[in-house]
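In: just the structure for this:
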Amino acid sequence: MKRFAKLSFFYGMLGLILGVFYREFTKINGYTKETVLSGLHTHVLVLGLFFFLIVLLLEKSFELTKNKNFNKFFITYNIGLLLTVIMMGIRGCVEVLNFETTKMIDSSISGMAGLGHITITIAYIFFFRILLNRINNVDSQKS
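Out: The predicted structure is shown next:
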């Protein structure tokens with residue numbers, strides 16, 4: 001459970017740092033339009049900090065880590081989340097700095113961000129299969 005608390009703290013700090021980065025980076029560059037950077041703060045706080053606090057509570061109740069597939073979920077989710085956040089950061093910096101990108105580079109950034117989202121989706125499937133399995137085990141022990 002301690003690793004969930006530590007990971008939640010990590011994502012909380014990362015989310016706060018990214019919020020400050022967004023505010024200061026756009027201010028320094030005189031950027032006033034919408035940018036993907038504005039969503040980084042919220043993405044990391046919700047998908048990182050809050051999600052792993054919920055996992056911590058569910059671990060306390062259902063011992064999710066006893067499922068043999070838990071590490072698959074854990075690794076897949078973190079890779080997907082970090083890939084998504086990194087690509088959102090790159091996309092946002094390109095917007096703010098007004099870099100001219102080729103269609104191929106632009107598509108590559110979008111494609112990698114899409115892969116991050118797909119990876120998170122796969123991790124959610126792992127997670128809910130694990131959760132439902134552990135709930136069934138707890139229910140069957142009560143019977």
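In: residue 72 touches residue 129, doesn't it?
Out: No - in this structure residue 72 lies outside contact range of residue 129 using C-beta atoms under 8 Å: 10.1 Å. Any C-beta I mention is one placed from the backbone N, CA and C, and that applies to glycine too.
In: what is in contact with the two at once?
Out: With contacts taken as C-beta atoms under 8 Å, 6 or more residues apart in numbering, not a single residue reaches both residue 72 and residue 129.
In: from the chain's centre, how far out does the host helix or strand of residue 88 sit?
Out: In this assignment (DSSP states H and E), residue 88 forms part of helix 70-97. Centroid separation for helix 70-97 versus its chain: 6 Å, with C-alpha atoms, centre = their mean, to the nearest Å.
In: name the helices or strands packed onto the longest helix along the chain?
Out: The helix spanning the most residues in the chain, taking DSSP state H as the definition, is helix 103-142. Counting contacts by 3 or more C-beta pairs under 8 Å, 6 or more residues apart in numbering; DSSP states H and E, helix 103-142 is packed against helix 51-62, helix 70-97.
In: any buried residues in the longest one, and which?
Out: Of all the residues in helix 70-97, those buried under the rule 16 or more other C-beta atoms under 10 Å are 70, 73-74, 76-85, 87-96.
In: that helix to helix 103-142, inter-axis angle?
Out: 150 degrees (axes from the mean of the first three to the mean of the last three C-alpha atoms, to 10 degrees).
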